[in-house]
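# only geometry, no sequence info:
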C-alpha cells in the first residue's frame with residue numbers, strides 16, 4: 001500500500017509518520033516539500049502530487065488552525081480548510097484511494113452539555129469552524145471512500161501546548177486564572193495517529209464503512225480542571241512551581257475575550273467509532289500524564 005501524508009511536521013502529522021510506517025510505503029509531505037507539493041494553499045500542486053504518486057491512501061493532517069487569525073484571514077482559511085480538502089477528495093476518488101481527514105468539534109455551536117454525536121446539527125461559531133465544516137461537506141460529496149475524524153483539544157509532547165504554557169506560567173506567578181466554563185477531553189496526537197492507523201488498516205481489509213467519526217480521549221474536564229491536573233502531576237514529580245494547584249482560579253470565558261468565539265461544549269460522543277472498529281479509548285488523564293512525563 002502506498003500512503004500519501006500531508007502535514008507531516010504538525011503535531012498529528014509527526015505522530016502519523018510513526019503509526020503509518022508499518023502499513024506500507026509512506027510519502028510524507030509538508031508545505032516546504034520540493035519533490036511533490038505539500039502546500040494546501042497550492043490547489044493545483046496538491047492535485048498534481050496525488051496524480052503523480054497514485055496513492056492507495058491519502059491522510060490529510062494539514063490545516064489552517066490559527067482560530068483567531070482566521071477571523072481576519074478568512075480567504076486563506078477557506079482555501080486550506082475547505083477548498084484543498086475538496087481537491088484531495090476529487091483526486092482520491094479518481095485514484096480509487098481512501099482519504100482520511102481531520103476535523104473539529106468547532107463545527108458545532110457548543111451549546112448544552114451533552115456530548116455531540118456525528119449526526120447532530122452543526123452550527124459553527126467562527127470562521128475556522130465554518131471553513132472546516134465546508135471541507136467536510138466537500139469530502140463527503142466528492143469521495144466515496146472517506147474517513148473524517150472530528151477531534152478536540154489536541155496536544156502533543158512535541159512543540160507548544162497548553163500544559164507547557166501552564167507550567168511556564170506556574171513557575172513565574174503565584175496565582176493563575178483559567179477558563180472554567182468550556183468543557184472537552186484533552187486528546188493526544190499519538191492517540192489520534194494510532195487510532196487512524198487501526199482504522200485505515202481495517203477499512204483497507206474490508207471492515208466497517210466510510211463516514212464521519214468522533215475521536216477523542218474518554219472523560220471530560222474544563223480548561224481549569226486540565227490546568228490543575230497538570231500542576232498536581234508536576235508537583236508530585238518534584239517540579240518547583242510558584243503556583244500550587246489550589247491557586248488556579250476558575251474564571252468565565254468572558255474574562256479572556258478573543259476575536260473568535262469558542263464553543264463551551266466540546267464534548268464528543270465516540271460510541272460510533274468504538275462500536276464500528278472495536279476500540280477502547282483511554283481516559284484523558286492517561287495520555288496527559290504520559291505527555292507530562294516526557295516534557296517535565
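Structure received. Quick caveat, the model's predicted, so the values are computed rather than measured.

# I'd like to know how far the residue lying closest to residue 170 once chain neighbours are set aside sits from residue 169.
Distances taken as C-beta to C-beta, 6 or more residues apart in numbering place residue 243 nearest to residue 170, at 3.8 Å, with adjacent residues excluded. Glycine gets a C-beta too; all of them are placed from N, C-alpha and C. According to C-beta to C-beta, to the nearest Å, residue 243 and residue 169 sit 7 Å apart.

# got a pLDDT number for residue 237?
Listed pLDDT for residue 237 reads 87.

# now it: how far from residue 101?
Separation of residue 237 from residue 101 (C-beta to C-beta): 37 Å.

# picking up where we left off before, common neighbours of residue 243 and residue 169, please.
residue 176 (C-beta atoms under 8 Å, 6 or more residues apart in numbering).

# the residue nearest to residue 170: what's it in contact with?
169, 170, 173, 174, 175, 176, 231.

# swap in residue 110?
Residue 110 neighbours (C-beta under 8 Å, 6+ apart): 125, 182, 262, 263, 264, 265, 266.

# just residue 20 next, same as before
3, 5, 26, 59, 193, 196, 197, 200.

# which of the helices or strands spans the third one?
When elements are assigned from DSSP states H and E, residue 26 belongs to strand 25-29.

# show the subsequent helix or strand relative to that strand.
Following strand 25-29 in sequence, per DSSP H and E, is helix 43-53.

# including pLDDT and secondary structure, could the contacts of residue 243 go into CSV?
As requested, the contacts of residue 243 are exported to CSV (pLDDT from 0 to 100; DSSP: H, G, I helix; E, B strand; the rest coil):
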residue, pLDDT, secondary structure
169, 94, helix
170, 94, helix
173, 94, coil
174, 92, coil
175, 94, coil
176, 95, strand
231, 95, helix
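
# surely residue 189 touches residue 15?
Yes: Residue 189 is within contact range of residue 15, at 4.6 Å (criterion: C-beta atoms under 8 Å).

# shared neighbours, those two?
residue 156.

# where does the protein dip in pLDDT?
Along the chain, the parts satisfying pLDDT under 70 run over 207.

# start to end distance for stretch 19-26?
Start and end residues of stretch 19-26 are separated by 10 Å (C-alpha to C-alpha, to the nearest Å).

# mind listing what's buried in that stretch?
19, 20, 26 (16 or more other C-beta atoms under 10 Å).

# go on, stretch 214-225?
Neighbour count says stretch 214-225 has 214, 215, 216, 217, 218, 220, 221, 222, 223, 224, 225 buried, by 16+ other C-beta under 10 Å.

# out of those, which comes closest to residue 119?
residue 214 (10.6 Å; C-beta to C-beta).

# not counting its neighbours along the chain, what's nearest the closest one?
With sequence-adjacent residues excluded and distances taken as C-beta to C-beta, 6+ apart, residue 214 is closest to residue 268, at 4.0 Å.

# number of nearby residues for that neighbour?
Each residue near residue 268 was counted by other C-beta atoms under 10 Å, and the total is 26.

# of the contacts of residue 20, which belong to helices?
193, 196, 197, 200 (DSSP state H).

# circling back: so which of the contacts of residue 110 wins on neighbours?
Busiest of those [other C-beta under 10 Å] is residue 263, holding 25 neighbours.

# where do the helices sit along the stretch 101-250 of the chain?
127-142, 162-172, 189-204, 223-236 (DSSP state H, counting those that start in this stretch).

# which of the ones you listed sits most buried?
Mean neighbours per residue, mean count of other C-beta atoms under 10 Å, is largest over the helices of the stretch 101-250 of the chain for helix 127-142, with a mean of 22.

# which residues are in contact with that helix?
Contacts for helix 127-142 (C-beta under 8 Å, 6+ apart): 63-67, 70-71, 74, 77-78, 80-86, 88-90, 93, 99, 101, 103-104, 106-108, 122, 124, 146, 148, 212, 260, 263.

# 6 Å - rerun?
67, 70-71, 74, 77-78, 81-82, 85-86, 89-90, 93, 101, 103-104, 106-107, 122, 124, 146, 148 (C-beta atoms under 6 Å, 6 or more residues apart in numbering).

# next step: the residues you listed restricted to strands.
In strands, defined here by DSSP state E, the members of the contacts of helix 127-142 are 101, 103, 104, 146, 148.
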